[in-house]
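1. have a look at this fold, sequence not included:
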C-alpha cells in the first residue's frame, strides 16, 4: 500500500449547491470548475443534471473544462441517468455518471420502503443503464457506513458485476469514527478482489457532522481506499464534507506516517481556490480554518514569534508558501517583543535606528491594550510618523460626527495648521453635512484646508474582530489633477481613521511641492 497515488474527486460544485446560501449561477460554476481543473483534481463532479439549472451547468463544464474527468450525479431513476448521460456527452471519454442508491436499513424501511432484493436489482439496473452512455460509471451505496457490512459487500459485488468502475462508500450522515470506518474499508478490500488488485477503484465520501470527515477520509486511505471525494473549504450540506486542503496537506506533511501516498494537487493554488469558492458561493471561510483561514499561519505570542524568526519549523509544520500564502503572518500584539517589531519594520522597508524601534515597540504595546492585533498598515503609519516621512502641515485635533437634522449626518472637525518654516500653529474648526459621517468629515476638512479631494479609492478594514477593532483606512485622492496621492491611517473610530487618512494624503500632496 506504500507509494501509491490517490485519485482526488472534487464535489465542491455539487455539494456547494446543497449548502444553505451556497448556490452559484452558471458563470460562477464555470469559474470554480476551471480553478478546480488547474488545482489538479482528477475528477470534478459538476452537478445533478436532472435539475434544469444543473443540466446546463454540467453540460457547459463538460464542454469547456479540459483535463479532469467530468462526472454527473444521478439517482437510480431513468430520468436522472438519462439527463446525466446527455449533459456529460460533450466530455467524451472523460465523462462519468455517478449513480447512487440508499442501502442502510433505516433508509430502506423509512425512505425507500424496499426490500434488499429490490435494492440489488435496482443497483444492477442503474449501473447498466448508465453504462449505455459512458464507460466510466461510479456507484454509491448511500448511507454505507450504517449499512450491514455483509449486505454492503453484496451491493458492491452487484454493481461491479454490472460494470461499475468505481465504488464509492459514503458516510452520508457523518456517523462513522475513524477506526470503525477504516475497518469497514479493510473488510471490503478483503472480500472483493477487484478492490485489492485495483481493477475497480474503492472510493470514500465523508460528511462532517461529528467533525470527523477529514479523519475518516485519512483512515480510509490508510485502509486501502484509492479515491477520496472532497470539497474546497469543506463546504457541503449540514456541517459540510472532508476539506480538500486539509486531507491533501495531511498526506503531504505527514508523508512519514502515510507512507508516501501522493496525489496530483498543486497545493500552491489552495488559497486562491479557497477565496474564489468563498466569493462565488457566498460562504465565508472562518479565520481559524486550517490551511486556508486568515489566521492559519498567524502568530501573536511573543514566544512563538521569537521561535519563528529563528527557525520557521519551531511553530509551523507547513510552509505557508506551499499552500499559496506569501509568508507567515506575524501579528504584533502587546505581548510581542522588540525583535518581532524590528523584523516587521525591515520587511516593510523601513530602516530604523535602535531608538526608533524602541519607541515604536512601546507604541505597539500601548496600542495592543486597545486592539488585539497591530497589522502592517498600522505599523507603517507609526513608522512614517516616527521618521517624519510626511511633514504634518495639517494635524487633526478633534472630529465629531452627529446625526444632524432629518438624519442628515453632520461633522465638526478641528485641525491644527503647522506653518512651513516655523511660526505659531493655528487651530481652525469647520462644520459640514454629508451623505454619511465620513463624507461630512471630508467636506469639513475641505473647508479648512482649501483642498477638495476626489476620492479615487477607499478601503476600510478592521484589523481584528470586535467593537474595539483598529480600523485601518487606505485611500487614494486627487486634488484637481490626474495625479493620485495615497493616504492611510488607523484608529478604533472609523470616522477618525478616515479623516486621518485624508489628512495624510493632503500632507503628502503638499510635501510634493504644492503651495498652501
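-> Looks like it came in fine. These numbers come from a predicted model, not from an experiment.

2. please count neighbours and contacts with C-alpha atoms only from this point.
-> Noted.

3. where does the stretch 201-350 of the chain have low pLDDT?
-> 296-317, 326-331, 349 (pLDDT under 70).

4. correction: the stretch 51-200 of the chain
-> Regions of the stretch 51-200 of the chain meeting the criterion pLDDT under 70 are absent.

5. now the residue nearest to residue 133 when sequence neighbours are not counted: how far from residue 36?
-> Residue nearest to residue 133 in three dimensions, not counting chain neighbours: residue 85, with 5.4 Å by CA to CA, 6 or more residues apart in numbering. For residue 85, the distance to residue 36 equals 22 Å [CA to CA, to the nearest Å].

6. any idea which helix or strand carries residue 100?
-> Applying DSSP states H and E as the criterion places residue 100 in strand 95-102.

7. residue 46 now?
-> Counting by DSSP H and E, residue 46 is found in strand 43-47.

8. who does the helix or strand containing residue 345 touch, helix- and strand-wise?
-> In the assignment (DSSP H and E), residue 345 maps to helix 338-347. For helix 338-347, the helices and strands in contact under the criterion 3 or more CA pairs under 8 Å, 6 or more residues apart in numbering; DSSP states H and E are helix 302-310, helix 354-367, helix 376-387.

9. which stretch in those helices has the least confidence?
-> Lowest mean pLDDT within the helices and strands packed on helix 338-347: helix 302-310, at a mean of 56.

10. and the helices in the stretch 51-200 of the chain?
-> Assignment of helices within the stretch 51-200 of the chain using DSSP state H, counting those that start in this stretch yields the ranges 52-64, 78-87, 105-107, 116-131, 149-162, 178-191, 193-197.

11. contacts for the strand holding residue 46?
-> Counting contacts by CA atoms under 8 Å, 6 or more residues apart in numbering, the residues outside strand 43-47 that touch it are 7-14, 33, 36-37, 54-55, 57-58, 61, 68-73.

12. quick one: strands adjacent to that strand?
-> Pairing partners of strand 43-47, with direction, according to DSSP bridges: strand 7-10 (parallel), strand 69-75 (parallel).

13. show me which residues of the longest one are buried.
-> What that stands for is strand 69-75. By neighbour count on 16 or more other CA atoms under 10 Å, the buried set for strand 69-75 is 69-75.

14. for those, could you give me JSON lines that also reports distance to residue 319?
-> Output for the buried residues of strand 69-75, formatted as JSON lines (distance: CA to CA, whole Å):
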{"residue": "69", "distance to residue 319": "30"}
{"residue": "70", "distance to residue 319": "32"}
{"residue": "71", "distance to residue 319": "33"}
{"residue": "72", "distance to residue 319": "36"}
{"residue": "73", "distance to residue 319": "37"}
{"residue": "74", "distance to residue 319": "40"}
{"residue": "75", "distance to residue 319": "42"}
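
15. enumerate every residue touching residue 22.
-> 16, 281-283.

16. with residue 498 instead?
-> Neighbour list for residue 498: 438, 473, 488-490 [criterion: CA under 8 Å, 6+ apart].

17. got the angle between the strand holding residue 100 and helix 78-87?
-> 160 degrees (axes from the mean of the first three to the mean of the last three CA atoms, to 10 degrees).

18. run me through the strand neighbours of strand 95-102, direction for each.
-> Sheet pairing for strand 95-102, assigned by DSSP bridges, gives strand 69-75 (parallel), strand 136-142 (parallel).

19. next one: the first one to chain centre, how far?
-> Spelled out, that is strand 69-75. Between the centre of strand 69-75 and the centre of its host chain there is 25 Å, according to CA atoms, centre = their mean, to the nearest Å.

20. residues contacting it, please?
-> Residues outside strand 69-75 that contact it (CA under 8 Å, 6+ apart) are 42-50, 58, 61-62, 80-81, 84-85, 87-88, 91, 94-101.

21. doesn't residue 293 belong to a strand?
-> No. When the secondary structure is assigned by DSSP: H, G, I helix; E, B strand; the rest coil, residue 293 falls in coil instead of a strand.

22. report the separation between residue 420 and residue 391.
-> Looking at residue 420 against residue 391, where the rule is CA to CA, the gap reads 9 Å.

23. please say which of those two ends up with more neighbours.
-> Taking neighbours as other CA atoms under 10 Å, residue 420 and residue 391 compare with residue 391 leading, 17 against 11.

24. now do the contacts for residue 14.
-> When the contact criterion is CA under 8 Å, 6+ apart, the partners of residue 14 are 45-48.
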